[in-house]
Each structure stands twice: as C-alpha cells, then as structure tokens.
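J.: Prediction below, plus the sequence it came from.
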Amino acid sequence: MKRRELIRRGVFAGAVAALRPGLGMAQGASQAAGTARSSELTPAQSGVDASKDLAGAGWKPLFLDEHQNETLIVLSDLMIPATDTPGAKAALVNRTIDLVLAAETSEVQRAFLNSLGFLDGESMRRFKAAFRYLSREDQDDLLHGMAYPRVGSKWTGEAETKPDIGHEHFEALKKSIMTAYYSSQMGAQELGWDGAFTHGTFAGCEHPEGSHK
Amino acid sequence: MSMNFDISYLGQDVLQQTYDAVVVGSGATGGWAAKQLAEAGLKVVLLEAGRAVSRAEFTEHMPAYKLKYRDHSPEIARTRPVQKQCYACMEYNYEWFVNDLENPYSTPPDKPFTWQRLRILGGRSLVWGRQSYRMSDNDFKAASRDGYGDDWPISYADLAPYYDIVEKYVGITGAAEGNEMLPDGQFLPPMKMSCGEILLRDRVKAKFGRTVTIGRAAVLTQVHNGRAACHYCGPCERGCSTFSYFSSPFTTVKDAVKSGNCTVITNAVVSHVDMDGTNKARGVTYVDRLTRQVKEVRGKAVILCAQALESTRILLNSSTREYPNGLANSSGALGRYLMDHVVGGGATGHLSDFKIAPNANEPRRPNGIYVPRFRNTPSSKKERFLRGYGYQGGAGAEFNFIAEGYGALLKKSVKEGVYGASLGAFGESLARWDNYIEIDSDLKDAWGIPALRISMTHGDNEAALMEDAGATAAEMLEAAGAKDIRVRTRVEMPGMAIHELGTARMGNDPKKSVLNAFNQTHDVKNVFVMDGASFVSSACQNPTLTMMAVTVRACASLIDRFRRSEI
C-alpha cells in the first residue's frame, strides 16, 4: 500500500492533527523518553489503591437491592464465618460482589440473582420465610442440602436423573464469595500473608538426596 | 536504572536522514537487531508501534485487594475480549496489551484463532513466559529424519555460537542434562526443585528413563550484566523492578541507544515497505499512532521484527507491480505455513503423601519443571504420530480454593491445602500450506492499515499428540504416586500457545521459501525478516531463544555485507 492510498483512505486525519497542535516532534520525543499518557496506563499502573473504596459508612449497593444485599451478607458470613480471623462480612464481600456485578454483563448479573433467588425459593418452600430471616439452624439445614453433590441409587446403581440444581447454585454463590474474600486484605491475612513481597530465594526440597522414594 | 532515553535526535528531523537499517519492532528480536547493528557502528532507527514503557508502571508488588475490581475489570472485557484469553492480561497491566477494537483481524467462522499481542516498547518480552530452550538437529533436520515437511537451511552447528551469545547476555537459569533432544547451553545456576518435583523426577527416570529437569528460564539467579538476581516475588508479567527477567527495553534496546547509533521512534505503526523502483527497498511508511500523520523513514536495509504475523502483514501490504501478491513473494509462500504449538494435553494430580501445608510467605519461583521431548527420538520407537511434545509443569503445596462444604471447616480446608502436581504439553505444530494468513480486504485497523485474515486449524497429528500427552502425563504422575488424577486431551484453539511461527519461511530454494538462510528475502536483497516468521518448523520448544539466536546470526551476516558494501 502506498502513502497516497493511505491518505486517500482518510488515515491522514488532518483534522485530528490540527486539534492536537502540541503533538509534534517534541512531544513525540517525550513519548519516546518514557512518559505514558495516563489514559494508557491501567489504574494499577498509575498507582491507584482502591482497597478502601468500599469501606465508607455511606456505602450503597450499585446493583443489588436491599433484600439481595442483606441476603448476601448473611450467606457470605455463613460460607466464610469469623473464626479466629475475620469472616466474609467483615471483609465486605457483599460490597465487592456488588461492584463487580454492576460492571458485569446482564447474563452474569442474571445468573447471580437467579442463584440468590433459588436460595430464597427453597427457603420459602421449606421454611415459609426468606433465607435471611431463618434461624441459624434452619439456614444450616438448607445449606447442607445444597453443599454436596447428589449421587444415584445405592441399591440399583441407577444414576441420579434430576439435575443437581441446588448444588449448582450453591457452588456458583460459593465461588463468588470465595473469590471476593480471598482477594481481600483480610483474606490475604487469613492465608497468613505477612505483607512482604520477598521472602528470600526459593529453597526447594531440603531433604537429603534420595529421601523421596 | 530507568528507561529515560537520551533523545539525541531532539531538535533535528529524524526522518530527513537515511539510516543504515530500519528495524521494525522492539521486542525480543527487534531489540537484538538494534543492539547488534548499532554496536557494530551502523546507524539504526528502531520503530515501535506502541508507546514507551517505564519502571514506574510495574505492578508486581501490588496485592490484588488494591485493584478496584479484584482483576475483574469490565474494561478488559470491553476493550480486550481476545487479549483476556491470555493469562498474563490482567487488571494490573491490560493497557500493555493491544486494544482489540483498534486492532481487529478476522478468521473463517469455523477456524477460531486467538492472537494475543502487545504494542509497547519491548512488546511481548514484557510479559513473556521466559522459558528458553535450544532446538537440536532433531528439529532443524526433522524432515530428513521422518520425511515430513522441509529441513531448515541451517543446522544446530550453524546456530550454536549465536545461542551462546544470546544466553550469555540474557542470562538463562537452567541445568545441563546431556539430553539428545535438548542441547545444553550457557546456564546460570539452576533454580531449586520442590520435594514433589524431585520425587517425580526420580520415579519418572527410574520407570521410563525420561528426563525431568528444572525449567530453563530467562530469569537471573545471580547478578548478571548489571541486573540483580530474582527476588522471587512471583508475577513477572506485571514487570520487574529489579529487571531480573529478560525484557528488551531494559537490556538490548537500552544498549542500542547507549551506543549512540540508535534512534527510537515510538508510536510508529508501520504500514508497508517502500520500494525505490530498482527492486530495492528505500524504507518504510508508518502512521503516527497518536496524530495519524503518515511518515516515511528511509534506510539502506529494512529489517522486520514485528512478530511473525505482523512482519508478514507488512510485506503483504507492500505489494507492487512486480510483486502483486505481497513483497518478496515470488514463491507464493508468503503467509503460508503458519504454526503455533499445540497445547491442551496434560494431567494434574495430588501427591497426598506430602504433608506440607501451603505457605503464603514462601518465595515464589517464576519457573517450573520441564520434560524434554521423548517421543520419536533417535533412541525411542516410532510412534503412530509425527514429532512430539515437551511438558511444563510443577509440584507444590497449594491453597485449596475448591475445598468442599462451607463454614469454618471450609476455611480450614483451604489453608490445609493440597499438594498438587501438573504436567502440560506443548506439542509440535506441523508446517502446513493450508494454515495461512492473508489480507482481509474488508477490514482495517484504527490507522487504516488493512488487517489480517487468519486461517489455521490444528490437524490430526496435533490431536494425536495431545491424546498421547494426556495419557502419558497421567502415567508419569501415577508413577510418582499421585492421586485424584485428571487428564486433559483437548486441543486448544490455535494461538493459545502464543508461539506463532512461520509465514515467511527460510529455505535454500527461492521457489519454495521467502527467506534465505540469513533471513534475507530471496527477492529483495535489502529486506530482511528476523523473527518467528522465518521458522521452517516449530519443534516443540518455546521459540523465543531460537528466534533471538537466529536474529543475532542474521545480523552478523548483515554487518558483513555492510562491511563488504553489498548493501
């Protein structure tokens, strides 16, 4: 392709050049000198620390409604409770999930609400109340029925024919909650991270040669 | 050390002079071309389609909780639906990867291809996997051994001195093994293996006679050429504040500029090679990425190091009356024989005998283990498929994020972890005429430059390799006592290995190849392609080390030609 053709195809875009009088050689050189336009850096590369963004007292959900949000708080804290370390509620897992969902495709949003809705549906069917209003005992009862996969008949060997929808919804919700929790600062602390990035050289196996038989 | 170039050309028009060499692309190969030629005294201009990069934007020491979306940024899905298929494209660094909306390409509907790339000084050397393996004559002369395809016009002996040069400069950690398929090199001290890896190594050697070795990687294990040793923080693909893995902006390109003979122009999106009417190239034309201005830069030699598909795209977009189907394409082979290692086969398992809990404060080794090819070797039997594959993998204690149940027990199970082991194959991608790229006449990039249509599938041989790789990985993990073994035999879509090779192959016959043995086009004596496009076959080893050695060898020949005034 020839220069002429490029120009004819409108690549030259003189108007664009005219709007940016400063982008001559000098600025081209400053580009070469190692300065990136901020729009070409990710927030992380610009040094943005978003870890406190969701901690504000006036926080409001972007995507979830109040009932969904409260349900998620209850559920997430059952999934990952406070033990000798903080749990999902303290780690603001609901807020992280809400933020990510608000930016997600409608398909992903729908799938999440569907799973949360299934939980309430089962709760209503079995206990005549929404999940977040159940007693702790009933909540555990409900979750235990969904937490483990169903298998077929022990006697005939017949496979389970009904799809294990409850378990699928449980796993979907659990995955969102685990991801949000273990990527939080509290989650990193729960795993025992000391906050340092270097811990010396990888030592590898220090057992005597031939000790792993 | 920072990336502040001495802007020697400031105040004079860099485009008014004729350079000895115009190098297109500043990645692993372009950096080497610029360094070798500039240090030999040639005047070089290095063109990079993207912006400059600086240490200030490295994020390897930023925890995920500082990311607004914890690595689920909607910006990635919106602007980089293709790039996000690469594990290294993250909320941390996605701006390094091309914006897919600005950089389109097409494929036939039934032939998906994922093309993952960067346009920034250094290109993919900023985020590469760093694995560095030599090829052997079992690869260069594979066609003579099994009858498929073509031999390279060069042998291992031709390339060995250049492997040495590259390894000594780059710094490759590794262990010598004396393996017939994987020549040893100039190694820095090897990284250590975990208990599980040592068990796997010993059992696999005892039972199958196969070699398991520590990965050979372009990561420093001691101070080397002014760069510090690796500090084992882990995520190299986000940058390295101590420059301990090899990336071109902070090594080769820096040296090229330091020589005083190399001018770097960033944001120069090269569209085509310009010819002078006497079957010689006069330079290249580029579009300024930011201003969209069209500019020409002149050189006595044009060297394309733009990445295999991009270099060929430039030639295809440089058609003339003499070369109506792409510059230097009298053979018709330009664009043909596209390859990308086949991946997808392998296995995972648990070495439950190791009661070692995962530790968040353990040094993170940016390297794994490697199993050199053991199929269809001179000392093994002939298989039902051609060629073979190597494995990359590892073993160690991991947090168990897929532990079952919920509640306090779940929390405990996550921390107890599992001792995992995995092997994943990289298989040879056979060079086939039917895997090719061409210009899509209906598609242009954001700078008006005609885009590529990529037509590639993996064939029956690649599928057979992955099937064998899955079963064989299971067999090896089983020998190490692994439980809960899971086998994968699928063939991932082409492009997933990010090892694109071919489309401007070397060869001795100008009727069947684009380049001669020194990466010079047969047709146009001052046009060179010095990147993965030149590969005749893919072998199964990660190709970057060989690409760099081929470039350095081609540059040595070019420097000689300049000295003899042949250019």
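T.: Thanks, I have the structure now. These numbers come from a predicted model, not from an experiment.
J.: Where does the stretch 451-567 of chain B get nearest to chain A, residue-wise?
T.: Proximity of the stretch 451-567 of chain B to chain A (CB to the nearest CB) peaks at B:Ala480, 9.1 Å away. All C-beta spots, glycine's among them, are computed from the backbone N, C-alpha and C.
J.: Let me see the contact set for that residue.
T.: Counting by CB atoms under 8 Å, 6 or more residues apart in numbering or on different chains, B:Ala480 touches B:Gly196, B:Leu199, B:Leu200, B:Arg203, B:Val204, B:Leu351, B:Ala421.
J.: quick one: the host helix or strand of the fifth one near chain A?
T.: What that stands for is B:Val204. Using DSSP states H and E, B:Val204 sits in helix B:195-208. Yes. Judged by CB under 8 Å from any CB of the partner chain, helix B:195-208 and chain A are in contact via B:Cys195, B:Glu197, B:Ile198, B:Leu199, B:Asp202.
J.: chain center to that helix, what's the gap?
T.: Averaging C-alpha positions (CA atoms, centre = their mean, to the nearest Å) puts helix B:195-208 29 Å from its chain's average.
J.: and A:Cys201, which of the three is it?
T.: Heads up, residue A:201 is Thr, not Cys. Here A:Thr201 takes the coil state, with states given by DSSP: H, G, I helix; E, B strand; the rest coil.
J.: That one: neighbouring residues, count only.
T.: 15 (other CB atoms under 10 Å in any protein chain shown).
J.: okay, the residues of helix B:195-208 next to chain A in TSV with pLDDT, distance to A:Pro208 and neighbour count next?
T.: Listed next are those as TSV, based on pLDDT from 0 to 100; distance: CB to CB, whole Å; neighbours: other CB atoms under 10 Å in any protein chain shown:
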residue	pLDDT	distance to A:Pro208	neighbour count
B:Cys195	96	11	21
B:Glu197	98	16	25
B:Ile198	97	11	22
B:Leu199	97	13	26
B:Asp202	97	13	17
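J.: I'd like those residues as JSON lines, with distance to A:Leu41 appended.
T.: Converted to JSON lines, the residues of helix B:195-208 next to chain A look like this (distance: CB to CB, whole Å):
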{"residue": "B:Cys195", "distance to A:Leu41": "41"}
{"residue": "B:Glu197", "distance to A:Leu41": "38"}
{"residue": "B:Ile198", "distance to A:Leu41": "42"}
{"residue": "B:Leu199", "distance to A:Leu41": "44"}
{"residue": "B:Asp202", "distance to A:Leu41": "47"}
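J.: What is the neighbour count of the closest residue to chain A within the stretch 201-350 of chain B?
T.: Taking CB to the nearest CB, chain A has its nearest neighbour within the stretch 201-350 of chain B at B:Arg292, 3.8 Å off. If you count neighbours by other CB under 10 Å, B:Arg292 ends up with 21.
J.: isn't it right up against B:Asp445?
T.: No. B:Arg292 lies out of contact with B:Asp445 (CB atoms under 8 Å); the separation is 11.7 Å.
J.: still on that earlier bit, what's the spacing between the residue of the stretch 201-350 of chain B closest to chain A and A:Leu41?
T.: According to CB to CB, to the nearest Å, B:Arg292 and A:Leu41 sit 22 Å apart.
J.: What residue, apart from its backbone neighbours, is nearest B:Gly417 spatially?
T.: What sits nearest to B:Gly417 in space, not counting adjacent residues and going by CB to CB, 6 or more residues apart in numbering or on different chains, is B:Pro358, at 3.9 Å.
J.: Just read off the phi/psi values of that neighbour.
T.: phi -70, psi 150 (degrees, to the nearest 10).
J.: just for the chain, where's the confidence low?
T.: Went with chain A since none was named. Low-confidence segments of chain A (pLDDT under 70): A:1-37.
J.: actually it's chain B I care about, not the one you picked
T.: Using pLDDT under 70, chain B drops low at B:1-13.
J.: Tell me how many other residues crowd the residue in chain A positioned nearest to chain B.
T.: In chain A, no residue comes nearer to chain B than A:Gly204, which is 2.6 Å away by CB to the nearest CB. A:Gly204: 18 surrounding residues under other CB under 10 Å.
J.: Likewise for A:Ser51?
T.: 17.
J.: Could you tell me which residues make contact with B:Leu15?
T.: B:Lys295, B:Glu296, B:Val297, B:Arg298.
J.: Stretch B:103-121: which residues count as buried?
T.: B:Asn103, B:Tyr105, B:Thr107, B:Phe113, B:Thr114, B:Trp115, B:Gln116, B:Arg117, B:Leu118, B:Arg119, B:Ile120, B:Leu121 (16 or more other CB atoms under 10 Å in any protein chain shown).
J.: Correct me if wrong: the third one contacts B:Ala451.
T.: I take that to be B:Thr107. No. B:Thr107 is beyond contact range of B:Ala451, at 11.2 Å (criterion: CB under 8 Å).
J.: circling back: could you point out which of the contacts of B:Ala480 is nearest to chain A?
T.: Distances from chain A to the contacts of B:Ala480, taken by CB to the nearest CB, are shortest for B:Leu199, at 4.0 Å.
J.: how close does B:Cys262 sit to B:Gly30?
T.: 11 Å.
J.: quick revisit: what sits against the residue nearest to B:Gly417?
T.: Listed by CB under 8 Å, 6+ apart, the contact partners of B:Pro358 are A:Leu191, B:Gly396, B:Ala397, B:Glu398, B:Phe399, B:Lys415, B:Gly417.
J.: neighbours around the first one, how many?
T.: Look at A:Leu191: counted by other CB under 10 Å, it has 17 neighbours.
J.: Now do the contacts for it.
T.: For A:Leu191, the contact set (CB under 8 Å, 6+ apart) comprises A:Tyr182, B:Pro358, B:Ala360, B:Phe399, B:Val414, B:Lys415.
J.: so, if you compare those, which one comes nearest to A:Glu209?
T.: B:Pro358 (24.8 Å; CB to CB).
J.: quick revisit: now, the most widely separated pair of the buried residues of stretch B:103-121?
T.: Greatest spatial distance in these: B:Thr107 and B:Leu121, 28.7 Å, computed using CB to CB.
J.: quick check, A:Gly121 in a helix?
T.: Yes. Under three-state DSSP, A:Gly121 falls within a helix.
J.: mind checking how far it is from A:Leu143?
T.: In terms of CB to CB, A:Gly121 sits 14 Å off from A:Leu143.
J.: between these two, which one's more packed in?
T.: A:Leu143 (22 against 14).
J.: quick one, what contacts that one?
T.: Applying CB under 8 Å, 6+ apart, the residues near A:Leu143 are A:Leu78, A:Phe170, B:Tyr406.
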